[in-house]
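1. A predicted structure for the sequence below; I have some questions about it.
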Amino acid sequence: MSTKKSDDEAAAATSTEGASFGSMSRIGQQMMPPISFEGRRYEQIMNGEALDLPQRTGYLGVFDDATDAIIAMVKVYDVNFDPNLEADVQDVFFTRMDLDQAGRRILIDNERGKSFAVDLDSLTVQPSN
């Protein structure tokens with residue numbers, strides 16, 4: 001999925017700087033370090049709403065390493081929200097993000113214990129073990 005948002009807005013969506021986590025019921029989530037490989041940078045999107053994405057978390061941003069231009073926003077998993085609860089306590093963040101260079105994929109685990117593999121060539125997502 002591509003987006004027409006500016007690179008500055010994308011940078012804000014991947015940053016925890018100035019983020020409001022709003023609730024005492026949840027501690028602010030740490031950002032996974034970005035992964036750079038073959039001229040592209042892969043980053044967890046911390047606030048998809050800033051990019052007009054349909055959900056706040058569960059996205060991997062793909063950026064040109066040299067220019068910071070957005071290449072793609074990849075939805076790794078669905079996050080279903082209950083409108084009666086605070087959004088920040090329902091966010092589901094990455095807990096692991098590793099490069100499998102030989103397999104040409106990014107391996108991602110989330111807070112719900114689910115694992116995913118993002119193919120670096122097709123940018124498709126598969127459940128992983």
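-> Perfect, I can see it now.

2. what's the separation between the residue nearest to the spatial centre of the chain and residue 79?
-> The centroid of the chain falls nearest to residue 44 when counting by Cα atoms, centre = their mean (2.8 Å). Residue 44 is 13 Å from residue 79, where distance means Cβ to Cβ, to the nearest Å. For glycine as for every other residue, the C-beta is placed from the backbone atoms N, C-alpha and C.

3. which residues does the residue nearest to residue 110 when sequence neighbours are not counted contact?
-> Leaving aside its chain neighbours, residue 110 sits nearest to residue 92 (5.3 Å; criterion: Cβ to Cβ, 6 or more residues apart in numbering). Shown in contact with residue 92 (Cβ atoms under 8 Å, 6 or more residues apart in numbering): 57, 58, 77, 79, 110, 111, 112.

4. any chance of these in JSON lines, plus pLDDT?
-> What follows is the contacts of residue 92, written out as JSON lines (pLDDT from 0 to 100):
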{"residue": "57", "pLDDT": "94"}
{"residue": "58", "pLDDT": "96"}
{"residue": "77", "pLDDT": "97"}
{"residue": "79", "pLDDT": "93"}
{"residue": "110", "pLDDT": "96"}
{"residue": "111", "pLDDT": "93"}
{"residue": "112", "pLDDT": "93"}
